[in-house]
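1. Got a predicted structure here, sequence first:
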Amino acid sequence: MKKLIGDKNFYKKVFAVAIPIMLQNGISNFVGLLDNIMVGRLGTEQMSGVSIVNQLIFVFFLCLFGAIGGVGIFTAQYAGQKNDEGIRYTFRFKMLLGLIILALFCGIFITMDTQLISLYLHEGSKEGNLALTLECGKQYMAVMLIGLIPCIFEQVYSSTMRECGETVVPMVASVIAVFVNLVFNYVFIFGHFGFKPMGVVGAALATNISRVLQAVIVIVYTHTHIKKFTYITGVFKSLKVPYDLIKKMLYMATPLVFNETLWAAGIAIQTQIYSARGLSVVAGLNINSTIYNVFNIAFIAMGDAVAIIVGQLLGAGKLDEAKDTAYKIIAFSTVMCVVIGTILYLFAPVFPRIYNTTQEVMDIATGIIRISAIMMPVSGFLHATYFTIRSGGKTLITFLFDSVFLWLISVPVAYILIYMTGVSIFTAFFIVEGTNIVKSFIGWLIMKSGVWRQNIVGEK
């Protein structure tokens, strides 16, 4: 047990990294909850249409995070060496990958919006106008795609800051942006201060304005504090990235891009499978996702803390300290999830009632929230374990561990339960989420093997 519990200084170090990320995610997700409630006040169809599009755009974001995160493994280790030139190389390569991914997904979303949204529209519950849901989804997506452009720049700048140990500035930018989003949602969705009600289009427009503002804040702050962010000097004077480093980054990043994209696609497919039980299930899953995101901020932040702290220790050649640190953070994350999951379980019936929706949707949402709460400690353990393995550059292992498991085990189990049995949505959801317990044992074996402990950037 002593190996799993740190001293006072250890937790100070972890919280110095994790708390700004926790606050950022907490405020963002809470405002996201308020946004979701505002859209939900328009009706079940509007809420479901927005939810479906956000599920599709989620695949884009995970692909982007995978590319940036894969390169970011090198950024964190270069930061541990205090190697500015290496950080500049990773910064440029992140920007290039981000723009390529943006072009690819925008092409798909623009040409296939109707087909993609329609995958989630099935008869099977008492309520729901499928045609209205499709129209709301298409309107929302058309506006949302514009806001993906500033996202690329914000993610490149913010991720580099965090990998170099600066988590406060991205947090402040995010907090300002989400409150701006909240205000403009109120104005645009319902029509206040002289504006006409815009419904779901107003929600998308408000999101885009906040994303532009967030990008402007981090970009301006970085370039006006070059003594603090020394790597930014000359970063755009050249597009140079050494060919050998490109090969290494692609070797690390490619499995991660595939992993994040396939994982997000797998989650989207699971939701699509569940949607066969009707639009009420789609709405219930949306409420669960929104509420759960407010409560999962602790273990999400612990995953980021592992990636940053352990990554820097590995880059500095402190392999034993990296292992010790990872074990302690994983244990702490799991314990926190037991406490938070208990609170979420107890208050599960309260949250769906703040939505303007039907009793059927409320009942479905309550049951799914409680199942998510029960499984939260498993999710916390898996999240921290995943980022530990990834911090050492073992992206092929994380690919097998994460998305391959999802596609070979979780997705087929969901399909069989929904289409080939008569079990309830609650039983199906519980069994599918329960497959992660098997995944936890696999993660623990990988952790114990120590194969993830490696310095991938070499000497400065």
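-> Sure thing, it's come through. The structure presented is a predicted model; accordingly, all values stated were derived computationally and were not measured.
2. got the phi/psi numbers for Phe193?
-> phi 60, psi 40 (degrees, to the nearest 10).
3. Retrieve the pLDDT associated with the nearest residue to it once chain neighbours are set aside.
-> The spatially closest residue to Phe193, leaving aside those adjacent along the chain, is Val187, at 5.7 Å (Cβ to Cβ, 6 or more residues apart in numbering). Just so you know, the C-beta spots here come from the backbone N, C-alpha and C atoms, and that holds for glycine as well. For Val187, the pLDDT comes out at 90.
4. repeat for the one 4 residues further on
-> In this model, Gly191 is scored at 82, pLDDT.
5. wait, doesn't it sit right on Val201?
-> No. Assessed by Cβ atoms under 8 Å, Gly191 is found out of contact with Val201, at 11.6 Å.
6. Those two: which is more packed in?
-> Val201 (17 against 14; other Cβ atoms under 10 Å).
7. host element of that one?
-> Element membership for Val201, per DSSP states H and E: helix 200-223.
8. wait, what's in contact with the residue nearest the centre of the chain?
-> Nearest to the mean C-alpha position of the chain, by Cα atoms, centre = their mean, lies Leu62 at 6.6 Å. Going by Cβ atoms under 8 Å, 6 or more residues apart in numbering, Leu62 touches Glu260, Thr261, Trp263, Ala264.
9. what does Met161 give?
-> Per Cβ under 8 Å, 6+ apart, neighbours of Met161: Thr167, Val169, Pro170, Val218, Thr222, Phe229.
10. following the helix or strand where Val71 lies, which helix or strand comes up?
-> Secondary structure from DSSP H and E places Val71 in helix 44-81. Next helix or strand after helix 44-81 toward the C-terminus (DSSP H and E): helix 84-118.
11. Quick one: work out the angle between that following helix and helix 44-81.
-> With axes from the mean of the first three to the mean of the last three Cα atoms, to 10 degrees applied, the angle from helix 84-118 to helix 44-81 works out at 160 degrees.
12. which residue lies farthest from the center of this structure?
-> Furthest out from the centre of the chain (Cα atoms, centre = their mean) sits Gly194, at 35.5 Å.
13. From Val187, how far out is that residue?
-> 9 Å (Cβ to Cβ, to the nearest Å).
14. follow-up on the earlier one: any figure for the gap between the residue nearest to Phe193 and Ile217?
-> Counting by Cβ to Cβ - Val187 and Ile217 are separated by 21 Å.
15. next one: Ile73
-> 26 Å.
16. same check, this time on Tyr11
-> Taking Cβ to Cβ, one finds Tyr11 at 30 Å from Ile217.
17. Pick out whichever of Ile73 and Ile217 has more residues nearby.
-> Ile73 (27 against 20).
18. Tell me if I'm right that that one and Lys394 touch.
-> No. Shown here, Ile73 and Lys394 do not form a contact pair, counting by Cβ under 8 Å, at 9.6 Å.
19. how about the helix holding Val71: buried residues?
-> 44-81 (16 or more other Cβ atoms under 10 Å).
20. quick check: angle from the helix holding Val201 to helix 44-81?
-> Using the same axes, to 10 degrees, helix 200-223 lies at 10 degrees relative to helix 44-81.
21. just checking, next helix/strand downstream of helix 200-223?
-> helix 243-274.
22. elements contacting that following helix?
-> helix 44-81, helix 84-118, helix 279-295, helix 395-399, helix 411-420, helix 425-449 (3 or more Cβ pairs under 8 Å, 6 or more residues apart in numbering; DSSP states H and E).
23. How far does it sit from its chain's centre?
-> 13 Å (Cα atoms, centre = their mean, to the nearest Å).
24. quick one, that helix and helix 425-449 angle?
-> Going by the same axes, to 10 degrees, helix 243-274 makes 160 degrees with helix 425-449.
25. what does the average pLDDT come to for helix 243-274?
-> 81.
26. can you check stretch 307-315 too?
-> On average, stretch 307-315 scores 77.
27. That stretch: end-to-end distance?
-> 12 Å (Cα to Cα, to the nearest Å).
28. Quick check: closest non-adjacent residue to Asp324.
-> Nearest one to Asp324, counting by Cβ to Cβ, 6+ apart, is Lys3 at 7.0 Å.
29. same thing with Leu319?
-> Arg453 (4.7 Å).
30. what about that neighbour, neighbour count?
-> Count around Arg453 with other Cβ under 10 Å applied: 20.
31. Let the chain start at 49 from now.
-> Sure, I'll start numbering at 49, so the last one becomes Arg501.
32. give me the element it is part of.
-> Per DSSP H and E, there is no helix or strand for Arg501.
33. Quick check, Tyr126 in contact with Thr138.
-> Yes. The criterion here is Cβ under 8 Å, and Tyr126 meets it with Thr138 at 6.7 Å.
34. phi, psi of Gly498?
-> Dihedral angles for Gly498 - degrees, to the nearest 10 - are phi 80, psi 10.
35. likewise Gly282?
-> According to degrees, to the nearest 10, Gly282 has phi 80, psi 10.
36. now it, nearest residue through space, not along the chain?
-> Arg136 (7.0 Å).
37. Contact partners for that neighbour?
-> Arg136 neighbours (Cβ under 8 Å, 6+ apart): Tyr279, Gly282, Val283.
38. Buried ones from those, can you make that a PyMOL selection?
-> PyMOL command restricting these to the buried ones, with burial defined by 16+ other Cβ under 10 Å:
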select buried, resi 279+283
